[in-house]
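*Asks:* coords please:
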Amino acid sequence: MQRRNSFDCKSRSDVRSARCYAGGDGAARHPYHPASEINKMRIVEESELITERGFRESATKMMPRRTTVIAITGATLGQVSLTEIEVCANQSVVGVHDNEGVYSEYIFQFVKTNIGNMIAKQSGGGQQHINKEVVEKEEILLPPERLMQKYNPIIRPIFDQIRTLLFSTKSLVKTRDRLLPRLISGKLSIENLDIQFPPGMAQELGIEPTATEKA
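*Replies:* Numbering: from 1, shown residues only. Now for the predicted structure:
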């Protein structure tokens, strides 16, 4: 078992004070993600924003893209996700990042597979948690670089495709949320739109197929 010195494994320190400045005074804002949201497949958007002042006056730090994040307390204890944006978090989240970028996807899969070992070391009476030190002492078995040269060309495009699809979904959801209220209220009319339904759907909706659709 070995562990690279280039891994950045730090607790994203307490940003409770920073959250007091959420929304703030129009200053530059930083994306923030709490432990309660680590149960998502990937982190492609922030849960909220903190201002520049809040970011400076707290001990939080930005986690780069492709950081493996672990919830170490609360209801999402032991949940693992991967950041696809730069984001900061609170003291209930630990991020593991390969500064060289060679092992980013591998680290995520390794931690996801072996998270049970960390959960088994949880402590606390009222609210169970994993100590940051437990994560820091956890060893990561690394393949030789010659193997990574074969691994990354296969795995990285898959991760990139997942990222692309999630961002596309995010964009479509925003478009839906903007259009739906206008459609329901009648502000946006679809009366003059030439909407062609497949025959099966037209029959299900009780719509008479057009000549083109029949053809």
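
*Asks:* quick one: which helix or strand includes V69?
*Replies:* Counting by DSSP states H and E, the element that carries V69 is strand 68-71.

*Asks:* who touches the helix or strand following that strand?
*Replies:* Sequence order places strand 80-82 as the next helix or strand after strand 68-71, per DSSP H and E. Residues from elsewhere that reach strand 80-82 (C-beta atoms under 8 Å, 6 or more residues apart in numbering): 38-43, 66-71, 108, 111-112, 115, 159. Placement of C-beta: from N, CA and C, glycine included.

*Asks:* who are the neighbours in contact with the residue nearest the centre of the chain?
*Replies:* For the chain, the residue whose C-alpha lies nearest the mean C-alpha position (C-alpha atoms, centre = their mean) is I43; its distance is 1.0 Å. The contact partners of I43, taken as C-beta under 8 Å, 6+ apart, are 33, 37, 69, 81-85, 87.

*Asks:* rewinding a little: filter the contacts of strand 80-82 down to the ones in strands?
*Replies:* Within the contacts of strand 80-82, residues falling in strands by DSSP state E are 68-71.

*Asks:* Name only those of the contacts of strand 80-82 that count as buried.
*Replies:* 38, 42-43, 66-71, 108, 111, 115, 159 (16 or more other C-beta atoms under 10 Å).

*Asks:* What is the end-to-end distance of stretch 40-54?
*Replies:* By C-alpha to C-alpha, to the nearest Å, the extent of stretch 40-54 from end to end equals 25 Å.

*Asks:* Repeat that for stretch 185-199.
*Replies:* Stretch 185-199: ends 28 Å apart by C-alpha to C-alpha.

*Asks:* what mean pLDDT does it have?
*Replies:* In this model, stretch 185-199 has an average pLDDT of 74.
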